[in-house]
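# With the input below, show me the fold.
(one chain, ligands or ions: 1)
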Amino acid sequence: MKCSICKTGTTRPGKTTVTLQRGGSVLVIRDVPAEICEDCGEYYLDEITARRVYADAEQGFSRHVEVEIQRYAA
Ligand SMILES: [Zn+2]
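All right, here's what the predicted structure looks like:
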């Protein structure tokens, strides 16, 4: 699909690292399957993946971790 950020790039399937912050907590989730823009590097998660990523992040935030690095488990 076409990238909606830079408007010129095309996305391709790949893996990305998602970083989420809330309060004093930083959560990093690696190896998340996504469509990634070849030009600007913006990534797009599909709905199921996004829901999964946010659910994983929610658990980390509820434990009040300072920094946590997770690996996305499909
Ligand atoms: Zn782009």
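# which residues does residue 11 contact?
Applying Cβ atoms under 8 Å, 6 or more residues apart in numbering, we find residue 11 in contact with 1-3, 35-38, 44. Where you see a C-beta, it was placed from the backbone N, CA and C, and this is true even at glycine.
# if I look at it, how far off is residue 36?
If you measure residue 11 against residue 36 using Cβ to Cβ, to the nearest Å, the figure is 6 Å.
# same thing with residue 60?
Taken as Cβ to Cβ, the span from residue 60 to residue 36 is 23 Å.
# Return the residues of this protein in contact with the ion.
The chain has residues 3, 5-6, 9, 37, 39-40, 42 near the ion, with proximity defined as Cβ under 5 Å from the ion.
# got the buried residues for stretch 42-61?
Buried positions in stretch 42-61, judged by neighbour count with 16 or more other Cβ atoms under 10 Å: 42-45, 49, 52-53, 56-57, 60-61.
# who's in contact with the residue nearest to the spatial centre of the chain?
For the chain, the residue nearest the mean C-alpha position is residue 18 (2.9 Å; Cα atoms, centre = their mean). Residues near residue 18 by Cβ under 8 Å, 6+ apart: 28-29, 32, 43, 45, 53.
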